[in-house]
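# Provided below are the primary sequence and the corresponding predicted coordinates.
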Amino acid sequence: NKVEELGLDEYLYGVVSSEMPASFEKEALKAQAVVARTYTLYKITNGAKKHGDANICDSSACCQAWISKENRLAKWKEENRTEYWNKIVNAVNETKGKMITYEGKPINAFFHSNSGGYTEAPLNVWGGSGYPYLKSVETAGEDAYSQYSSKATFTKKEFQEKIDHFPFDFSEVKGQETAKRAMEVAAAGGHNIILIGPPGSGKTMLAKRVPSILPPLTMKEALETTKIHSVAGKMGANNSLMTVRPFRSPHHTISDVALVGGGSYPQPGEISLAHNGVLFLDEMPEFKRTVLEVMRQPLEDREVTISRARFSVNYPASFMLVASMNPSPSGYFPDDPNNTSSQFEMQRYMNKLSGPLLDRIDIHIEVQKVEFEQLSDRRKGESSIAIRERVLKAREMQNVRYQDLDISYNAQIGPKELEKYCELNEDSKNLIKNAMEKLNLSARAYDRILKVSRTIADLEQSEHILSHHISEAIQYRSLDREFWNA
């Protein structure tokens, strides 16, 4: 690093030629020169000495870009050098002495080549009102800019292939019929689910196949999901629209900020990147408890609020949580001779998941070890396509039922909708009453049982919830707190 002293005009030649292509129109180059002069004088008059004896640096990430005349000319084609350099010099000279001021002082000039039709108010970007001269105004004529919009064209067949392409299929899973059924119920109603079983029983294998049985993204969902991934910078250069539901699987060492979002200028976290898709937490107790607990509010409200001193940001977080865990620290409980964990160790391990968090997970399913006969069976299991057809029929019932509400599936219904759409007969009421007393279930767990039973009824195309629907839903709560405390 070195400090170099330059005249203002000479310095601006290097800034303008570095910040804007010389092939641009003359008026655009002149506007760039005014902005560069304004920004330079703002940095000088504010007296910020971030660079030692220098007023400004040549990094666009910190100040503004700059390049010497010699290096600039070397980068241009020989036949363009004289024309281009004269355009830069003329743009600076013809705007000499011109800058943008507010209350007699040079402004902190922020600029972009394209603002998408409207400039942005600072409150929406940084919070507060530290730059009163920056207003959100319409910027007409930007649609002529070459990068104003992008277009992708698909045939109907190509689009269908994109939304129906999955690398994994449930036909590859050996055995585990009970777990597959639970996955089908979870997908049909958008319910959160936790898989509990020993290592190698197929928990991760099952979780990775959930997207293959979920309904395809609607256009509204595709646009919502695309916006979030675009804000986070996760869209690939050749990907203009998300056509498949996201599947996010963060490592258990993730921080709470990375999971829910945050930062100086809040960015969406993993739970928002999983919006309209699946968030898979493998070996859930291995995550820090503070990380898990910050999910409680987003799981309930389906959005996350990130607050800062001067502003707050809301990101959507309507995802299907799929979690997995071992039943004990060693992984071999209750009947495997390899289990080496004491009762105290097992209780401490289970207590990593709080009661309120487990209450927010609708379905708890035990995944048993797969026997040799099942593993060696060469017959294929039921395909994802067959399961997905039943899921789609159940979702169609839900779409009709909630067409006048801002609800897409059963997991989203609130207390008012529960009362209206989950009426129980006397047998069902007695069944759920006994279950609540024996399992010591909370009021939230009661709501979950009703939602899951509503989904089971939908899978059978039944308008009414019957006792066997309630019975199956209760089975999916059998691993609740009292079970582990016992």
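Okay, I see it.

# confidence score at residue 275?
Residue 275 is assigned a pLDDT of 93 by the prediction.

# that one against residue 319, yeah?
Yes: if you go by Cβ atoms under 8 Å, residue 275 and residue 319 touch, sitting 5.8 Å apart. Bear in mind the C-beta positions are built from the backbone N, C-alpha and C, glycine included.

# from residue 179, how far off is residue 205?
Distance of residue 205 to residue 179, given as Cβ to Cβ, to the nearest Å: 10 Å.

# more neighbours, those two?
Neighbour comparison, residue 205 and residue 179: the larger count goes to residue 179, with 22 against 17 (by other Cβ atoms under 10 Å).

# how about the nearest residue to the more buried one, chain neighbours excluded?
residue 367 (5.0 Å; Cβ to Cβ, 6 or more residues apart in numbering).

# measure the one you found to residue 276 for me?
Counting by Cβ to Cβ, the gap from residue 367 to residue 276 is 26 Å.

# can you check residue 298 too?
14 Å.

# so where does the closest residue in space to residue 359 that isn't next to it in sequence fall, helix or strand?
Closest residue in space to residue 359, ignoring its immediate chain neighbours: residue 444 at 4.3 Å, by Cβ to Cβ, 6+ apart. For residue 444, the host element (DSSP states H and E) is helix 443-459.

# I'd like the next helix or strand past that helix.
helix 467-475.

# helix, strand or coil for residue 297?
When classified by DSSP: H, G, I helix; E, B strand; the rest coil, residue 297 comes out as helix.

# can I assume it is in contact with residue 304?
Yes: here residue 297 lies in contact with residue 304, judged by Cβ under 8 Å, at a distance of 7.3 Å.

# comparing the two, which residue is more hemmed in?
Using other Cβ under 10 Å, the more surrounded residue of residue 297 and residue 304 is residue 304, with 25 against 15.

# so who does the more buried one touch?
260, 261, 269, 271, 272, 297, 298, 314, 315, 317 (Cβ atoms under 8 Å, 6 or more residues apart in numbering).

# same deal with residue 258?
250, 269, 270 are the contacts of residue 258 under Cβ under 8 Å, 6+ apart.

# tell me which element the first one falls in.
Assigned by DSSP H and E, residue 250 belongs to neither a helix nor a strand.

# and the strands in the stretch 151-300 of the chain, which stretches?
193-196, 247-248, 261-262, 267-268, 278-281 (DSSP state E, counting those that start in this stretch).

# quick one on the thing from earlier: just among the contacts of residue 258, which is most surrounded?
residue 269 (27 neighbours).

# and of the contacts of residue 304, the nearest to residue 102?
Nearest to residue 102, judged by Cβ to Cβ, of the contacts of residue 304 is residue 314 at 31.1 Å.

# what's around that closest one, how many residues?
13.

# and it, which helix or strand is it part of?
Using DSSP H and E, residue 314 falls in strand 312-316.

# and for residue 306?
strand 303-307.

# buried set for that strand?
When burial is assessed from 16 or more other Cβ atoms under 10 Å, strand 303-307 yields the following buried residues: 304, 306.

# for that strand, which strands pair with it and how are they oriented?
With DSSP bridges as the test, strand 303-307 is paired with strand 312-316 (antiparallel).

# which elements pack onto the helix or strand that the strand it pairs with is followed by?
Next along the chain after strand 312-316, taking DSSP H and E as the criterion, comes strand 320-325. Here strand 320-325 touches helix 177-189, strand 193-196, helix 203-208, strand 278-281, going by 3 or more Cβ pairs under 8 Å, 6 or more residues apart in numbering; DSSP states H and E.

# pLDDT averaged over the last one - what is it?
What it means is strand 278-281. 94.

# show me what that strand is packed against.
Strand 278-281 packs on helix 203-208, strand 247-248, strand 320-325, going by 3+ Cβ pairs under 8 Å, 6+ apart.

# what separates the shortest one from the chain centre, distance-wise?
Average the C-alpha atoms of strand 247-248, do the same for its chain, and the two points are 9 Å apart (Cα atoms, centre = their mean, to the nearest Å).

# also the first one?
Centroid separation for helix 203-208 versus its chain: 20 Å, with Cα atoms, centre = their mean.

# under the pLDDT cut-off, which ranges of the stretch 1-150 of the chain? List them.
47-49, 61, 110-118, 120-130, 145-150 (pLDDT under 70).

# please apply the same query to the stretch 251-400 of the chain.
For the stretch 251-400 of the chain, the ranges with pLDDT under 70 are 264-265, 308-311, 331-341.
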